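>>> sequence first, predicted coordinates after that:
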Amino acid sequence: MLLEAVLENLDALLLWGFIATALMTLVLSASRFLGWSRISLPFLVGTFWSGDRRRAEASGFVLYVIGGWGFATFYALIFESLGWANGWLGLIIGVLHGLFLLAVALPLAPNIHPRIATEYEGPAVHRPIEPPGFLGLNYGVGTPFVTLVGQAIYGTMLGIGYPL
Amino acid sequence: MQSPHPGATSPSVGIKDYAVIGDGRSAALISRHGALDWLCLPDFNSPPLFAGLLDRERGGGFHITPADILHVSRRYLPDSAALETTFQTRDGVVRLVDLMPFSVQRHPDILSPEREVLRSIECLEGNPLVRVRIDPRDGFTGKALKFRDCRRLGWRASHRHSALYIHADLPLRLDGHGLGGEYRLRPGERRWISLTYHPRTIAVIPPLGEAAQQRLVHTCDWWRNWCQRIDYRGPYLDAVKRSAVTLRLLTVPVSGALVAAATTSLPESPGGSMNWDYRYCWPRDAAWAVMAFMDIGLYEEADAFFDWLVLASKLTAPRLKVMYDVYGRANVGEQEHPDWSGFRDSRPVRSGNALGKQWQLDVYGEVMMAVSRYQENHHVKKLGSYEISMLKGFGKVVCQQWCDPDNGIWEIRERRHHYTYSKAQAWFVLDCLLRLHERGVVAVPVEKYRDVRERIRAAIDTEGFDAEGNYYRGILGQDNLDAALLLLPHIGYLAPDDPRMLGLWEKIRRELDRGGMISRYSPGFAGQHGNEGAFMICSFWAADYLARLGRLDEAYRRFDRAMTFGNDLLLFSEEANPDSGAMLGNFPQAFSHTGLIKAAVSLARAEARRRNRDVA
């Protein structure tokens, strides 16, 4: 039922999912440029599949956008289950999503990602990537902040755009 | 016994004591005592991470130095830029290998860091003690970086939005500013220290041990393959190869830009103030380098340079700026750092270079020389429409401004003059365009260009020539000498055996020769004062001229004399003190190495001509 409702609003999901992902990417890229954080989610996603830096960054970006639509579907399911959506709700879900990413997903990344090293075993030929650490702090002290801001913008945009 | 830790600013350490390693993005200088005293990251012209070369206290360093050294020998691993230093110590023999591995993908499934300095310490004999000290600083602020222990990943420090990792398989600990440690090696034991730099990106920390050995092998293989492309069969082969490798080290592969030298502020006179930042790309120097590359069959490097030239000149076309940074930006500010002591108290230390405001007419000629050589060469692609319009633009600029005074090839800052060499290069631009027109490469206003070309020649042959003394003056109407005029035969202005050229050479030999080396100009030239050394490139130009003239014995003597001012690794700085033998100026200097290749190639050609004559 919920999925049917989401599929009925597929146009908005695709459009606003893309806009939300693009804005979040912009925030994260700007934060790298400004030196607030070295985190690059497309790089982390891309290196999951490829050890070729260029290919990883390019394919990672494509997969990241596709992933953005996937998460947008998940957000839409929440909106449909609650029966309402607006920017504030999107922001709250986005912040919760960001906290989960920082506190759970990133610290667990070395256990899932085939190319991320661990502080306990050190780097290896096929696992040379610096692990994110708790809250992604290894990638810079600004990482929790920019990740939360990026996710908050992502959620807010979906909350605003999906009901339109 | 030698002191275990002589610093760069110690009187016992000179520029000659340094070797260079690099990866085409940046370069490190390492002393014969294992002290890495100069490294800028992520790029050549970035603020230095290690700058003990310019101030032992403020600059920091990355030292791997065995205790109780008795003797040091060093070399580059054959046909590569990997440095091997062997220390005989009281307790044994240690071999140190230093390199900057290439970040190119070695294997489709193995990630590499963007920048790495890899150092290996191996015990060949005994139980020598090795001291390690890693003290990176935040550029010219001199602030020490703070390390955080990342357990088996090594040590991490943040630096200007980037991360620096030190990953070692020997114990290091926090020690005041930076990291330090002492380690006694066992016979056959080999240890690695990897410094990686990650500009605004997630770090990739390469493993040590066998994987590090693979990086060393891969990088040496890359260099050996590159050296195999060198097509040169003549005298001084080792020096020509080392010069080619050094020029390649100073070439940024992603853009094709070539930096003039790896350093800033190494003094042109001991304790003096002529301390400039050469970590930028001068179209003049790059043009000479490209001609040197083409002389020895390295055409891909010429392609890369022209790609860069097109990129850099697009913003200022048809004018060329005197210098650009590695990304083609022309506006480079200059800063002095008054707190820094400088190399052997040579103040001020400068970063950036204010030469961008200068007007140097000869640059058009040098770039035109490289372009015409490139165009004549059938191995390379033909000129595109933009390149052709750029050349035509050079003609327009020269026609409009050849009679203006300029700052000249020696970049005199105080006042502009009418340099004879600049006018000769202006003559060459038009002469070359007219020849290209005849070959159907470019269309130019022939009558106008012929007229201007003859007016320039008339000015040079009247105001620029002293009929009584039978020599060309350095500045129109002034009695002084400029060694750059030895290039007049090179641009086809005069035959090498023209009586006026012979007269000029005699005058230069009498007045600019200092102990077999050639100074660039007369004392007091263009109002210049100071006690600068003899110019390496001018000394090589003299050998080149004599080879073209067919006076081979004299040419060899000049070349051999110039070679004595290189170090044991065949590296050269900008100038040399003929009395003390000390190197002066930035190091290693691309301009000097282009001169070495040019002179060696001229000697090889002159030898071939002599052999042909003998056979005939």
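Ah, there it is.
>>> residues from chain A in reach of chain B?
Residues of chain A found near chain B (C-beta under 8 Å from any C-beta of the partner chain) are A:32-35, A:38-40, A:43-44, A:47, A:50-54, A:56, A:115, A:117-126, A:128-131, A:138-140. (Glycine included, C-beta is placed from N, CA and C.)
>>> give me the residue from chain A nearest chain B.
A:Gly35 (2.8 Å; C-beta to the nearest C-beta).
>>> neighbours of the nearest residue to that residue once chain neighbours are set aside, how many?
Distances taken as C-beta to C-beta, 6 or more residues apart in numbering or on different chains place B:His161 nearest to A:Gly35, at 2.8 Å, with adjacent residues excluded. When neighbours are counted by other C-beta atoms under 10 Å in any protein chain shown, B:His161 registers 18.
>>> picking up where we left off before, and the residues of chain A next to chain B, which are buried?
Buried residues within the residues of chain A next to chain B, counting neighbours by 16 or more other C-beta atoms under 10 Å in any protein chain shown: A:32, A:38-40, A:43-44, A:47, A:50-53, A:56, A:115, A:117-119, A:122-123, A:125, A:128-131, A:138-140.
>>> inside helices: which ones of those residues?
Residues of these located in helices (DSSP state H): A:Arg32, A:Phe43, A:Leu44, A:Thr47, A:Arg53, A:Ala56.
>>> my read: the second one touches A:Glu57, true?
It refers to A:Phe43. Yes. Using C-beta atoms under 8 Å, A:Phe43 is in contact with A:Glu57, at 5.8 Å.
>>> residues shared between the contacts of these two?
Here A:Phe43 and A:Glu57 have no joint contacts, going by C-beta atoms under 8 Å, 6 or more residues apart in numbering or on different chains.
>>> in the helix-or-strand element of chain A with minimal mean pLDDT, what's buried?
Lowest by mean pLDDT, DSSP states H and E among the helices and strands of chain A is helix A:2-8, with a mean of 84. For helix A:2-8, burial by neighbour count (16+ other C-beta under 10 Å) applies to A:Val6.
>>> show me the contact partners of that helix.
A:Leu13, A:Thr73, A:Ala76, A:Leu77, A:Glu80, A:Ser81.
>>> and if you look at stretch B:354-366?
For stretch B:354-366, using C-beta under 8 Å, 6+ apart, the contacting residues are B:283-284, B:287-288, B:320-323, B:330-334, B:394, B:397-398, B:401-402, B:404, B:406-409, B:411, B:413, B:416, B:419, B:421-426, B:428-429, B:484, B:491.
>>> now those residues: which count as buried?
B:283-284, B:287-288, B:320-323, B:330, B:332, B:394, B:397-398, B:402, B:406-409, B:411, B:416, B:419, B:421-426, B:428-429, B:484, B:491.
>>> for the stretch 251-400 of chain B, which residue gets nearest to chain A?
B:Val254 (12.3 Å).
>>> report pLDDT for that residue.
pLDDT for B:Val254: 79.
>>> likewise the one 5 residues further on?
We have a pLDDT of 96 for B:Val259.
>>> check contacts around it.
Here B:Val259 is in contact with B:Phe44, B:Asn45, B:Leu250, B:Val252, B:Tyr278, B:Arg279, B:Tyr280, B:Cys281, B:Val326, B:Ala590 (C-beta under 8 Å, 6+ apart).
>>> among those, which are in helices?
B:Ala590.
>>> which one of the contacts of B:Val259 has the most neighbours?
B:Cys281 leads the contacts of B:Val259 on contacts (other C-beta under 10 Å) with 32 neighbours.
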